[in-house]
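Asks: Okay, sequence plus prediction incoming.
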Amino acid sequence: MRVVWAFLRRTGTALLVLFGVSILIFVIARVIPGDPARVALGPNATADQVAALRLALRLDDPVPLQYLHYMAGLVRGDLGISLYTNRPVTTDIAQFLPASLELIFTAGLLMVAIGLPLGIIAARFRGRWPDHVVRVVSLTGVSAPSFVWAVAFMLIFGYWLKWFPISQRLHDSFQVAPVTGFLLIDTLLAGDGAAWRDAARHLVLPAFALALAGIGQAARLTRANMIETYDRPYIEMARAFGFAPGRIARRYAFRPSLIPSLTIIGLDFAAMLGSAFLVEQVFGWPGLSRYGVQVILRKDLNAIVGTVLVIAAMFILVNIIVDLLTVLFNPRIRLAKGGKA
Amino acid sequence: MRRALHILAANPLTLTGAVLVLLVVLAALLADVVAPYPEHAGAVVDFLNFNKPPSAEHLFGTDLVGRDLFSRVLFAYRISLLLGVVVLVISVPVGVTLGLMAGYLGGRREYVLMRITDVFLSIPPLVLAMSIMGVLPPTLLNGMLAVTAMWWPWYTRLVYNIVRGEKVEGYVLAAEIIGASKWHIMFREILPNCVPAVVTKITLDFGFVILIVSSLSFLGLGVQPPTPDLGSMVAEGARYLPDSWWLAVFPGLAILVAVFGFNLVGDGLRDILGAEQ
Amino acid sequence: MTLLSIRDLKLTFRLWSGPVEVLHGISLAIGKGERVALVGESGSGKSVTARIILGLLQEQRNARISGTVEFEGRDLARLSARERMSMRGRAMSMIFQDPTSSLNPVYRIGPQFREVLDRGSPGISAAEARARAAQMLAEVSIREPDRVLDSYPFQLSGGMNQRVMIAMALANRPALLLADEPGTALDVTVQAQTLDLMRGLVADHGTAVLFISHNLGVVREFADRTYVIYRGRIVESGPTAAVFGDPRHAYTRALMAAQPRLTGGGLPDIPERDPAFDAPAIHHAAGGAA
């Protein structure tokens, strides 16, 4: 029961933080110098048109009042109209978000599936060549922004080797009915194997470019935590009992050290929500991030606030999930708070 | 200090990092002297030599208006490092002070400060800086402001966590018993214990600031042309792949080299400072 | 019948600052079923000796070992790392100072016990392992084996974990048990109880014990023979009664004089160095082998 309480408390704090985010981002968006209505309508608009838009956007109201009005809409699930697309911001987000999520989930999966094993190997061979190799590889991964990797991958594996496509999510010859918006799932639902493969091939380069920094972080962190765990008495006991090194690495060093790693891996995963902006830009990936850049450049107020709020909400959600996983993986917290023992 | 040098000498990776950092800093400081075409840092046009692949005359090739890419990279380093210094010079003292206050003073101040920190930390760093840059005119000063605004909470969080551990240590209690002032305890007693972690983070962050600033300008939200900037150079070059590959590759490589250097040093520093505790 | 024989064992660590010799040539022997104590302050080299016997230090790259360690007539230096590993947990086993932190915090006792039993009988089934584990726990006077097997180490008391560890260490009937300051982290009465238990068990099983301790009171109760170690050298050895009844080496005397009589807890307060401590070793000849 106390686990449930802890979860509720955590969610409560998260909502409070999200509320803070909405104020912060709203304030940032309203300090715009110049007239957003004028910017949106362009230099050829008449003064009447500008005044009409100002009225529609309630730009002449005091900022707190504008905020209240915005929040009232938010509660009803209305984020306003985008000046860039002339559609409700919610419609835009619903259209672009799945592509971003598909990319981010894939990259997150790569981060865990490659980063953790690299860290384990480095820790087991501490101070020897596999450790040095992993260290250099992971440091290189975190040392360039994802757009540099994106450009490099595009050039090498796209243009030169021609192994993978370099833009969009799917070749034009495929028609897939959008159900979830995740192409890997929609193509499966349509039973179209060729389209699935094509979608997967389109994902490879952007996902790797996005994941590289995370892979490096995850590897470094796992290594550090494993090494700390290797100094614990129960590892020595496992050695004294003659357990094989591989078994010790898996059951005695990895599992306990996973708990502190989880938090940071969650943070890295959430940071991809930001880096995705860069990767989507390079690969022309039709996701939320590309939309975000467009609306920021066009000073599209409602769309900026909406996009940032959605990203922050996902960011916070990821953190809550990570906290829950930490509790599940750590029997000490689970049992102490669960009152089962 | 001698010990630190000893460890440095014994660790080739850290040494490599130190050399890279030194090279980057020298390149930035001496850009006017070292750059073969210092005037190419500005809005110069040389149509006779436009879009040339790397050669002995132009190590990194030339851009679409004929400017020497190598010279522009050197001047771009200057901007990146300047931004890094300014961002950290402002955000570290602010973040550290707030962290000390939240951790040591406790109570309502702790709650409010840490929730505000949470708010800032709940928006992916790049997204926050983007939103700020998006609404402000894209000048160098605004770029610094935007990145600074997202940077201080990390130091607040870091210091806060350390202070919470140190607060119950004997030396703090002793200082309280002899009646030392709160400010004395925070800055004279507790702060020195945060220094190793903060210094390590500063070194690593130098690389990250370069990453974020270049990311902003890559999206067209940072330093504007003709000021040379690594991020916008990559963005520009990416449009002319694969034929004019050098336009994107060398500025990208320049980012990698600088950040890699700072990361190696930061990593080594963590070992050294950690070992001395 | 000698089970373990150590002759002129030297250990050097290569550190950044240069090589440091930690053991300067120690010799020691344990007969089958015999209980032998190795007594000294922390840093005297007792614990590294145990780790060499287990073959753990041999795998550390910066450790250089010379001299011979023979176990059941086989020279450990001639064995491969794999062969040494196969001896651990079966022919020899070890219990540690702090039982609670020596058990894996993320698994329940049951699965951990099964892993230990799996070393002795590879491929043992879960049900059989559980039955054997419960039986072993009963032998260390644990009344509710099932509850213990279903618990995580942090849910049990230190004394309970200590018993679990003893049961695990003896589960595969090793010929030699190394006990490194067992129970020092526990409170004194609990420590005494578990030591009693352990003494009974090793006697029943005919297990030889190398008992490593700084606590003379406990050693006196427990060991047939005693070696006193000081700064990597054996300074006095012989039957426990002889060493305690007639301590002849200056260091042994200092150690005894400093020992708190009743509790046995806490570290003895001995002058750090004294030229007399470096006097040649003394061997009491009576009774046991040497």
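Replies: On my side now, so go ahead. Numbering: from 1, shown residues only, chains lettered A, B, ... in the order given.
Asks: Poorly predicted segments of the stretch 151-290 of chain C, please.
Replies: C:259-272, C:286-290 (pLDDT under 70).
Asks: What are the boundaries of the strands in it?
Replies: C:176-180, C:208-213, C:225-230, C:233-239, C:282-283 (DSSP state E, counting those that start in this stretch).
Asks: List just the one of those that sits closest to C:N104.
Replies: strand C:176-180 (18.3 Å; CB to CB). For the C-beta atoms, the positions are set from N, CA and C on the backbone; glycine is no exception.
Asks: starting at the chain centroid, how far to that closest one?
Replies: 3 Å (CA atoms, centre = their mean, to the nearest Å).
Asks: what residues does that strand touch?
Replies: A:240, C:3-4, C:30, C:46-47, C:50, C:53-54, C:71, C:91-97, C:169-170, C:198, C:202, C:207-212 (CB atoms under 8 Å, 6 or more residues apart in numbering or on different chains).
Asks: quick one, that strand and strand C:208-213 angle?
Replies: Here the directions of strand C:176-180 and strand C:208-213 differ by 10 degrees (axes from the mean of the first three to the mean of the last three CA atoms, to 10 degrees).
Asks: For strand C:176-180, which strands pair with it and how are they oriented?
Replies: strand C:92-95 (parallel), strand C:208-213 (parallel) (DSSP bridges).
Asks: Identify, out of those strands, the most deeply packed stretch.
Replies: strand C:92-95 (a mean of 28; mean count of other CB atoms under 10 Å in any protein chain shown).
Asks: Put the alpha carbons of that one into CSV.
Replies: C-alpha atoms of strand C:92-95 as CSV (Å, rounded to 0.1, in the frame of the first residue of the first chain):
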residue,chain,number,x,y,z
MET,C,92,37.9,-25.0,0.8
SER,C,93,35.6,-22.2,1.7
MET,C,94,35.5,-19.0,3.7
ILE,C,95,33.4,-17.0,6.0
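Asks: Contacts only, for A:G77.
Replies: A:T90.
Asks: for it, helix, strand, or coil?
Replies: coil (DSSP: H, G, I helix; E, B strand; the rest coil).
Asks: Would you mind measuring from it to B:S131?
Replies: 22 Å (CB to CB, to the nearest Å).
Asks: got it, and B:L273?
Replies: Counting by CB to CB, the gap from B:L273 to B:S131 is 35 Å.
Asks: Between those two, which has more neighbouring residues?
Replies: Between B:L273 and B:S131, counted using other CB atoms under 10 Å in any protein chain shown, B:S131 has the larger neighbour count: 25 against 15.
Asks: Look up the pLDDT of the closest residue to chain C within the stretch 201-341 of chain A for me, please.
Replies: For the stretch 201-341 of chain A, the residue closest to chain C is A:G242, as judged by CB to the nearest CB, at 3.2 Å. Looking at A:G242, its pLDDT reads 85.
Asks: I'd assumed it was in a helix, is it?
Replies: No. Using three-state DSSP, the assignment for A:G242 is coil, not a helix.
Asks: Would you mind stating the distance between it and A:G266?
Replies: A:G242 is 36 Å from A:G266, by CB to CB.
Asks: One more: B:L221?
Replies: 27 Å.
Asks: Next, format the strands paired with strand C:176-180 as CSV and append distance to B:G106.
Replies: CSV is the format used below for the strands paired with strand C:176-180 (distance: least, CB to CB, whole Å):
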stretch, distance to B:G106
strand C:92-95, 44
strand C:208-213, 45
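Asks: Any idea which of these gets closest to C:G158?
Replies: Per CB to CB, nearest to C:G158 of the strands paired with strand C:176-180: strand C:92-95, 13.0 Å.
Asks: Need the residues that contact that closest one.
Replies: A:237, A:240-241, C:50, C:53-54, C:71, C:162, C:165-166, C:168-170, C:172, C:174-180, C:182.
Asks: Could you report the distance from B:T148 to chain C?
Replies: 40 Å (CB to the nearest CB, to the nearest Å).
Asks: Find me the pLDDT at that residue, would you?
Replies: pLDDT at B:T148 comes out at 90.
Asks: And A:V3, by the same measure?
Replies: pLDDT, A:V3: 67.
Asks: tell me the contacts of C:K32?
Replies: C:K32 touches C:1-3, C:175, C:206, C:208, counting by CB under 8 Å, 6+ apart.
Asks: Now with 10 Å, please.
Replies: C:1-4, C:72, C:175-176, C:206-208 (CB atoms under 10 Å, 6 or more residues apart in numbering or on different chains).
Asks: what's the distance between C:V228 and C:I95?
Replies: 22 Å.
Asks: An error on my part: the question was meant for A:P178.
Replies: In terms of CB to CB, A:P178 sits 63 Å off from C:I95.
Asks: Mind naming the longest helix for chain C?
Replies: In chain C, taking DSSP state H as the definition, the longest helix is helix C:188-205.
Asks: neighbours around B:L173, how many?
Replies: B:L173: 10 neighbours (other CB under 10 Å).
Asks: how many neighbours does the residue lying closest to B:A235 once chain neighbours are set aside have?
Replies: Leaving aside its sequence neighbours, B:A235 sits nearest to B:F218 (CB to CB, 6 or more residues apart in numbering or on different chains; 4.7 Å). A count of nearby residues for B:F218, using other CB under 10 Å, gives 31.
Asks: Hmm, B:F218 is touching B:M133, no?
Replies: No. In this structure B:F218 lies outside contact range of B:M133 using CB atoms under 10 Å: 11.9 Å.
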